[in-house]
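[1] Mind folding the following:
(one chain, ligands or ions: 1)
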Amino acid sequence: MTNDPIYRRCGRSGVLLPKISLGFWHNFGANDPYERSREITRYAFEHGIVHFDLANNYGPPYGSAEETMGRLIDDDFRPHRDELFIATKAGYDMWPGPYGNWGSRKYLMASLDQSLRRMHLDYVDLFYSHRYDPETPLEETLQALVDVVRQGKALYVGISRWPLPALQFAYDYLLQRDVPLLIYQGRLNLLDRAPQDEGILDFCHQQGVGFISFSPLAQGLLTDRYLHGIPEGSRMTQGRFLKPDVLTPELLERLRELNRQASLRNETLAQMALSWILEQQGVTSVLVGASSTQQLAQNLSALKL
Ligand SMILES: NC(=O)c1ccc[n+]([C@@H]2O[C@H](COP(=O)([O-])OP(=O)(O)OC[C@H]3O[C@@H](n4cnc5c(N)ncnc54)[C@H](OP(=O)(O)O)[C@@H]3O)[C@@H](O)[C@H]2O)c1
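    I've put the predicted structure just below:
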């Protein structure tokens, strides 16, 4: 499997993940056309992209990306459940009051139960703590992860966006309880190398923890999407998580220069951006988003480079 064109081993585990995985953060909510979400997901699956990444609050509205997954399971994927690796998370704002946010046992346990109901699943393959909570004892959050595995509601656990000392603590805590940390999810791309600078990627590599990079295309900046203006319907026009003011003249010049370099390599900027991440030591997979099958197809072609 070492030279497999599609799959890569996730750290020191029995799990192989596709080098390119598909995220449901945008384009899979109740406000998006179901048939388009379905076409993208089916295209992914038909091309070996069997790892889908969700979270309780993906939508909008919150929860609706998981509901889309539930509909997809019913319409297409139930017979293929054992061929899929489905992840979800809890950690960000989800429901009102003190129990719908951060890292308490109360929140994580209730949230996973809700996620399973929305997705029409008995278990997820991977459950993440979505973010580090500086106020909840790490033992409480981590024990909740251990217990959801013991209850059979998740097969593996991961953490996302935890700082290095907390990652080190989590690694030890989980290992001692025979629920090894499968994977760390962080943002690594050509514009943001924090997981390398902070030693997170090195730690994962040395300890045999997988690493999956979210927003590998910097939400579309590392593609040709914004090189000639802001197209109607693009993520930047939605103004939620990618705002036009990030597109400064300096950044635009940098993106154009990267695009020139990609052309010299006979690659698109998106292909170059993805293959760069996959070349970094310790990286298992890149977690792309897509608003069309054409985008996904272009991104998957990076695997041939
Ligand atoms: N753990 C966390 O805290 C966290 C945070 C963020 C994301 N995530 C995960 O990571 C996944 C991916 O994040 P992301 O959506 O920001 O990833 P991304 O791959 O960096 O950006 C995806 C967006 O880029 C544009 N795009 C993609 N391929 C393109 C192509 N070939 N040509 C032109 N434009 C292209 C599309 O934007 P348009 O919509 O404009 O077409 C697409 O929606 C999420 O779905 C989620 O699962 C996790």
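[2] Could you pick out the residues of the stretch 151-300 of the chain near the ligand for me?
    Contacts of the stretch 151-300 of the chain with the ligand, taken as CB under 6 Å from any ligand atom, map to 160-161, 185, 214-220, 223, 225, 234-235, 270, 287-291, 295, 298-299. (Each C-beta comes from the backbone N, C-alpha and C, glycine too.)
[3] In strands, which of the residues you listed fall?
    Cross-referencing those against strands under DSSP state E gives 160, 185, 214, 287, 288.
[4] Quick check on these: which are buried?
    160, 185, 214, 287, 288 (16 or more other CB atoms under 10 Å).
[5] Which two of these have the greatest separation?
    The largest separation in these, counting by CB to CB, is between 160 and 288 at 16.2 Å.
[6] Of all residues in the stretch 201-305 of the chain, which one is closest to the ligand?
    residue 289 (2.2 Å; CB to the nearest ligand atom).
[7] what's the burial count for that residue?
    The tally of other residues near residue 289 (other CB atoms under 10 Å) stands at 23.
[8] Roughly how far does the closest residue to it other than its chain neighbours sit from the ligand?
    Using CB to CB, 6 or more residues apart in numbering and skipping the chain neighbours, the partner closest in space to residue 289 is residue 23 (5.0 Å). Distance of residue 23 to the ligand, given as CB to the nearest ligand atom, to the nearest Å: 2 Å.
[9] pLDDT value on residue 23, please?
    pLDDT for residue 23: 98.
[10] I figured it hits residue 213, correct?
    No: with contact defined as CB atoms under 8 Å, residue 23 does not reach residue 213; the gap is 10.6 Å.
[11] where do the contact lists of the two overlap?
    residue 287 (CB atoms under 8 Å, 6 or more residues apart in numbering).
[12] Might one say that the residue of the stretch 201-305 of the chain closest to the ligand is in contact with residue 26?
    Yes: using CB under 8 Å, residue 289 is in contact with residue 26, at 5.4 Å.
[13] Show me the common contact partners of the two, please.
    With the criterion set as CB under 8 Å, 6+ apart, the contacts of residue 289 and residue 26 do not overlap.
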